[in-house]
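Q: sequence first, predicted coordinates after that:
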Amino acid sequence: MDTKNDARERQKQVLRRNIVTGGKAPVQPVKKNTPPLDWKKVIIAIVIMAVIGFSIFLFFTLRTYKSFREIWKVDISAGDMADFDLFQQGVVYAARDGAVFYDENGQTVWEISYEMSHPNIVTNENYVLIYDLKGMSFVICNIGGQEGSGSTEMPISKGDISEQGVTVMVLEDQIASYISYYQKTGEKLDVDIRAPLSTYGYPCDIAISPDGQQLMVPFYYILDENGKNDAENIGIGKTKVVFFDFETGKELPDRVIGAFGDFADTNTVIPEVQYIASDRAIAIGDNRISLFNTKDSKTRISRISDLNFENGIVSVFYNSSNIGVITKEGEIRWLTVYTMTGKEVCKREVDFEYGDAFFQEKNVIFYNQTECLVQTWRGRTLFQGSFQGVVQQILPTDTDKTYYVISMDQIRKICLK
């Protein structure tokens, strides 16, 4: 009896196994033996990857260039009075009989005609102003071509244009200067500043703010032996910087919202002023550079910093972030780079005989009529080479180590290689 029960129980167990496994014997999991991690190989792989990464870094950081390739070129007949400037990543050139705008690919975007004896170009992001220095005509263009033109009642000594196309001109007279405003169509606005030579002095330059609201003017005046302004007799030359405002300054005498006359204390002459941004302006003198905050112009213009150079300034160049100042001590020329707050970044010697210089990213480009030198701020040479023909101007593009090289008969776009 027990034997029968045992047999029946064994049959039940077999039946249960067949139901669960489908009649197959259950698969027992196989335990794998994982080999231990070879840390030596891991460390070697990490070192190899670090060396490769560091080598790539050194290649791009310490790379030098032996020559350049020509991306495109166009033939021009600019003449000896032509002017050139950057616009919309391309380049504009203005000759006596007209102007042409080439885009970054060397294609002609627009071409206009006029007659000027000494054309001068001023550009910003949106507009181009071409005016006849010592003449009485001007043209205003945008990306699509000519938008306006006009004429003045007196000869033009300076011109500037805002990002909205508002144009300002300094007009010359025998006893006074007139600062006049014009619309982007060329029509004259009912905004004028009469600056008598006996009161203000002679305006050396002008700069209009990006929104067209403010105007910055350095005036040069002469004092007689009694300390009074004497425009007719030879005396002591002094400079003052005046800020005008045509919105918040409406209720103020002569629309003046700021005047800085302490440049006279250092006998500084200021031939150039410029708005670096909507809230920042710079005055460049022969022995001093001043930085101004124009953001709170509703109340006052404030000075951020003064950079004084006892031995004078040889040349200055700048972008929206930094200022490069070249000075001379004995026979040695020095380049000092500053931030727009006046903080010194670096200083080093310059031994290249340059005619002009400019920033491109973290590099400085020096050039003369035949040669070009590209260096880092701290003086490491990336490229030094010569060009065929006489170079009038070199302009930076938005692409690193790519430039426009301009001569009397050609505009070339090149890239270092």
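A: Structure received. Numbers count the residues shown, from 1 in each chain.
Q: where does residue 16 land on pLDDT?
A: pLDDT for residue 16: 59.
Q: now residue 360
A: Note for residue 360: predicted pLDDT of 96.
Q: ok, the most centrally placed residue in the chain to residue 149 distance?
A: Centrality entry for the chain: nearest residue to the mean C-alpha point is residue 319, 3.7 Å, by CA atoms, centre = their mean. Residue 319 is 31 Å from residue 149, where distance means CB to CB, to the nearest Å. Glycine gets a C-beta too; all of them are placed from N, C-alpha and C.
Q: what stretches of the stretch 151-300 of the chain score poorly on pLDDT?
A: 223-236, 249-253, 296-299 (pLDDT under 70).
Q: what residues are bridge-paired with the nearest residue to the residue nearest to the centre of the chain once chain neighbours are set aside?
A: Closest residue to residue 319 apart from its sequence neighbours, by CB to CB, 6 or more residues apart in numbering: residue 359 at 4.7 Å. In this structure, residue 359 bridges to residue 364 when assessed by DSSP bridges.
Q: how many other residues sit next to residue 359?
A: Residues lying near residue 359 (other CB atoms under 10 Å) number 19.
Q: equivalent analysis for residue 333, please.
A: Here the number of neighbours of residue 333 (other CB under 10 Å) works out to 17.
Q: about what we covered before: the residue nearest to the centre of the chain against residue 362, yeah?
A: No - at 10.8 Å, residue 319 does not count as touching residue 362 under the criterion of CB atoms under 8 Å.
Q: remind me what the helix or strand encompassing residue 291 packs against, helices and strands.
A: Element membership for residue 291, per DSSP states H and E: strand 288-293. Counting contacts by 3 or more CB pairs under 8 Å, 6 or more residues apart in numbering; DSSP states H and E, strand 288-293 is packed against strand 280-284, strand 302-308.
Q: just those strands: most buried one?
A: The highest mean neighbour count among those, using mean count of other CB atoms under 10 Å, belongs to strand 280-284: a mean of 22.
Q: what pairs with it, parallel or antiparallel?
A: strand 272-277 (antiparallel), strand 288-293 (antiparallel).
Q: for those strands, which one sits closest to residue 87?
A: Closest to residue 87 of the strands paired with strand 280-284, according to CB to CB: strand 272-277, at 17.0 Å.
Q: residues in contact with residue 305?
A: 290-291, 341-342 (CB atoms under 8 Å, 6 or more residues apart in numbering).
Q: ok, 10 Å please
A: Residues near residue 305 by CB atoms under 10 Å, 6 or more residues apart in numbering: 289-293, 338-343.
Q: distance-wise, check the residue nearest to the centre of the chain relative to residue 219.
A: Taking CB to CB as the measure, residue 319 falls 27 Å from residue 219.
Q: just the pLDDT at residue 70, thanks.
A: 96.
Q: please identify the helix or strand for it.
A: Going by DSSP H and E, residue 70 is in strand 68-75.
Q: list the helices and strands that strand packs on?
A: strand 98-102, strand 402-407, strand 410-416 (3 or more CB pairs under 10 Å, 6 or more residues apart in numbering; DSSP states H and E).
Q: where exactly do the strands run in the stretch 251-400 of the chain?
A: Ranges of strands in the stretch 251-400 of the chain, per DSSP state E, counting those that start in this stretch, are 256-260, 272-277, 280-284, 288-293, 302-308, 315-318, 322-329, 332-339, 344-350, 356-360, 363-367, 371-376, 381-386, 391-396.
Q: the helix or strand containing residue 181: how far from the chain's middle?
A: Under the criterion of DSSP H and E, residue 181 resides in strand 176-182. Centroid separation for strand 176-182 versus its chain: 28 Å, with CA atoms, centre = their mean, to the nearest Å.
Q: next, the angle from the helix or strand following it to strand 176-182.
A: Once strand 176-182 ends, the next helix or strand along the chain (criterion: DSSP H and E) is strand 188-196. Put simply, strand 188-196 runs at 160 degrees to strand 176-182, going by axes from the mean of the first three to the mean of the last three CA atoms, to 10 degrees.
Q: what packs against strand 188-196?
A: Helices and strands touching strand 188-196, by 3+ CB pairs under 10 Å, 6+ apart, are strand 167-172, strand 176-182, strand 202-203, strand 214-223, strand 236-245.
Q: and those strands as CSV, adding distance to residue 368?
A: As requested, these are exported to CSV (distance: least, CB to CB, whole Å):
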stretch, distance to residue 368
strand 167-172, 31
strand 176-182, 35
strand 202-203, 31
strand 214-223, 29
strand 236-245, 30
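Q: quick one: which of those strands is nearest residue 65?
A: Residue 65 lies closest to strand 214-223 among the helices and strands packed on strand 188-196, at 39.2 Å (CB to CB).
Q: now that closest one: how far from the chain's centre is it?
A: On CA atoms, centre = their mean, the centre of strand 214-223 falls 25 Å from that of its chain.
Q: now swap in stretch 406-417 and tell me
A: 20 Å.
Q: and the average pLDDT for it is what?
A: 94.
Q: pull that stretch out as CSV, backbone CA atoms only.
A: C-alpha atoms of stretch 406-417 as CSV (Å, rounded to 0.1, in the frame of the first residue of the first chain):
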residue,chain,number,x,y,z
ILE,A,406,43.4,96.5,-49.4
SER,A,407,45.7,98.0,-52.0
MET,A,408,45.1,100.7,-54.6
ASP,A,409,43.8,98.2,-57.2
GLN,A,410,42.6,95.2,-55.2
ILE,A,411,40.6,94.0,-52.2
ARG,A,412,41.6,90.6,-51.1
LYS,A,413,40.3,88.3,-48.4
ILE,A,414,43.0,86.1,-47.0
CYS,A,415,43.3,83.4,-44.4
LEU,A,416,46.5,82.3,-42.6
LYS,A,417,47.7,78.8,-43.2
